[in-house]
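Engineer: A predicted structure for the sequence below; I have some questions about it.
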Amino acid sequence: MREVAVIRLLQGRLAWYPPGASDGPQWLDSEQARESLRNQLAQRSLQPVFAVPAAEVRLLSLQIAPEERRHLDKSLPFTLEEELAEDIGELHFAHCALGELDYAVAVCRQASMEAFTAKLAPYQGVNQWLPEPLLLPWQPGEWCVVLEDHNAIVRSGPCAGFGAEREMMPLLLQALEQAGPAPEKIVLYGQDQQADTQLLPADLRDRVQWRRGDLYAAMLIAELPEPTLNLRQGDWAVRLPLRRWWQDWRKVAVLFAVAVGVHMLSTYMEYRQLRAENLALRTAVQETYRKAMPRGAVVDAEKQLRRQLDTLSGSSGSSGFVSMMARVGNVVAEGKGSIVSINYNDKAQEMRLNLLAANYESVERIRAGFAANGLQATLENSSAQGDQVRARLRVGEGS
């Protein structure tokens, strides 16, 4: 926990341990210490943790049924009611999952939570409230015990432990030994090795590894517990500072709303103007199209007019009436005939000709001339008309 600032409540006084502190706690009765902590919190250069006094918290384990998991927040107080001597309405419950159906539970008085909140109010950002026993180092098959002045703190499991008066330790450790498997090792922190060791049951003293130090010395070699049993849950969960944010950003929000409103109004007015112009242009386009093409449906006036122009100009996309007419006219003129009428089919790119020629041989020469010019001509009928011959031919592009 070298990057963690720990805040403790010792004999009713707040103190904090800067990361790596070696001179003991800094009492927050001092303005200098308070200012130092506030600066660290403002810079967010460390992770603050409030160590909830072990004597104020009871740690329990609970196994639930699968159907209870969804409503655990509401049902938890009633599930544990028989195990608690106090009225559940005066208690605060926090929990974390240890497994799929196994949970660790921390129980604390509502009055104590209110007192902690009042003391920590000057220090914004202290959002992790962890029970003191869970801040001690722990490994499977091990107990960790810290003796400080008249108090003792014990951690015996991943989310198990307690705090009590020093004189009560022999009885409590003996009961803990009887309730479960005895530890393979007991790490004991204190100031007097002989006196501290005598507090343990006689059959456990040979398993003691004594170390000089207090709670913070033990925490220096520990990691933050995982999973985290944070007491700031339910009614005490961290709330977003919406009111403070609103006070800070109210003027900006109002100006932004006005700017958005003006922009939307301007966009709407521009949309109405463009819509009116669009309708006027479409009307003008249709009127112009009708001048050129009085008949037929108007689907895409520009596209339809372009297609008609391509047809008349003989563009690359179509043989075109003009192109075919020039070729047909040259052949008919060379055959000494004359065109009486033309019917041109744009889709089939072919025309039907009614022409007059001097005789049937002239009609055949004209038809042969079409073939020589890459056109395919089919004689549909012919008849004598005075001293001339009238013929009807279908002319198209050669295959």
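Structural biologist: Looks like it came in fine. Numbers count the residues shown, from 1 in each chain.

Engineer: where in the chain is pLDDT low?
Structural biologist: The model of the chain has pLDDT under 70 over residues 1-2, 21-22, 240-245, 309-320, 399.

Engineer: in it, which spans are helices?
Structural biologist: 31-43, 72-79, 110-120, 169-179, 193-197, 215-219, 242-292, 301-313, 321-334, 360-372 (DSSP state H).

Engineer: Buried deepest among those, which one?
Structural biologist: helix 215-219 (a mean of 21; mean count of other CB atoms under 10 Å). Yep, even glycine has a C-beta here, placed from its N, CA and C like the rest.

Engineer: Now render the helices of the chain as a markdown table, adding distance to I342.
Structural biologist: Formatted as a markdown table, the helices of the chain follow (distance: least, CB to CB, whole Å):
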| stretch | distance to I342 |
| --- | --- |
| helix 31-43 | 93 |
| helix 72-79 | 92 |
| helix 110-120 | 101 |
| helix 169-179 | 114 |
| helix 193-197 | 123 |
| helix 215-219 | 106 |
| helix 242-292 | 21 |
| helix 301-313 | 14 |
| helix 321-334 | 7 |
| helix 360-372 | 14 |
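
Engineer: Could you check the ones you listed and tell me which one is nearest I153?
Structural biologist: With CB to CB as the criterion, I153 lies closest to helix 215-219 of the helices of the chain, at 6.4 Å.

Engineer: Which neighbouring elements make contact with that closest one?
Structural biologist: Applying 3 or more CB pairs under 8 Å, 6 or more residues apart in numbering; DSSP states H and E, we find helix 215-219 packed against strand 4-10, strand 142-148, strand 185-190.

Engineer: rerun at 10 Å
Structural biologist: In terms of contacts (3 or more CB pairs under 10 Å, 6 or more residues apart in numbering; DSSP states H and E), helix 215-219 is packed against strand 4-10, strand 13-17, strand 47-52, strand 142-148, strand 151-157, strand 185-190.

Engineer: quick check, distance from the third one to the centre of its chain.
Structural biologist: Meaning strand 47-52. 30 Å (CA atoms, centre = their mean, to the nearest Å).

Engineer: can you check the fifth one too?
Structural biologist: Here the centre of strand 151-157 is set off from its chain's centre by 42 Å, with CA atoms, centre = their mean.

Engineer: okay, the angle between that strand and strand 142-148?
Structural biologist: 170 degrees (axes from the mean of the first three to the mean of the last three CA atoms, to 10 degrees).

Engineer: Partner strands of strand 151-157, with direction?
Structural biologist: Within its sheet, and counting by DSSP bridges, strand 151-157 is paired with strand 142-148 (antiparallel), strand 160-165 (antiparallel).

Engineer: got it, and the third one?
Structural biologist: The pairing partners recorded for strand 47-52 under DSSP bridges are strand 4-10 (parallel), strand 128-131 (parallel).

Engineer: What are the contacting residues of the shortest one?
Structural biologist: Judged by CB atoms under 10 Å, 6 or more residues apart in numbering, the contacts made with strand 128-131 from elsewhere in the structure are 4, 6-7, 47-54, 56-59, 94, 104, 106, 108, 113, 116-117, 120, 153, 155, 159, 161-163, 224-225, 228-233, 236, 238.

Engineer: one step back: hey, which of the strands paired with strand 151-157 is tucked in deepest?
Structural biologist: Neighbour counts (mean count of other CB under 10 Å) averaged over each of these peak at strand 142-148, with a mean of 23.

Engineer: Only alpha carbons, please: show that one as CSV.
Structural biologist: Taking Å, rounded to 0.1, in the frame of the first residue of the first chain, the C-alpha atoms of strand 142-148 are listed here in CSV:
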residue,chain,number,x,y,z
GLU,A,142,-2.2,-17.6,8.5
TRP,A,143,-3.4,-15.1,11.0
CYS,A,144,-2.2,-11.6,11.4
VAL,A,145,-2.5,-9.9,14.8
VAL,A,146,-1.6,-6.2,15.6
LEU,A,147,-1.3,-5.1,19.2
GLU,A,148,-1.6,-1.3,19.7
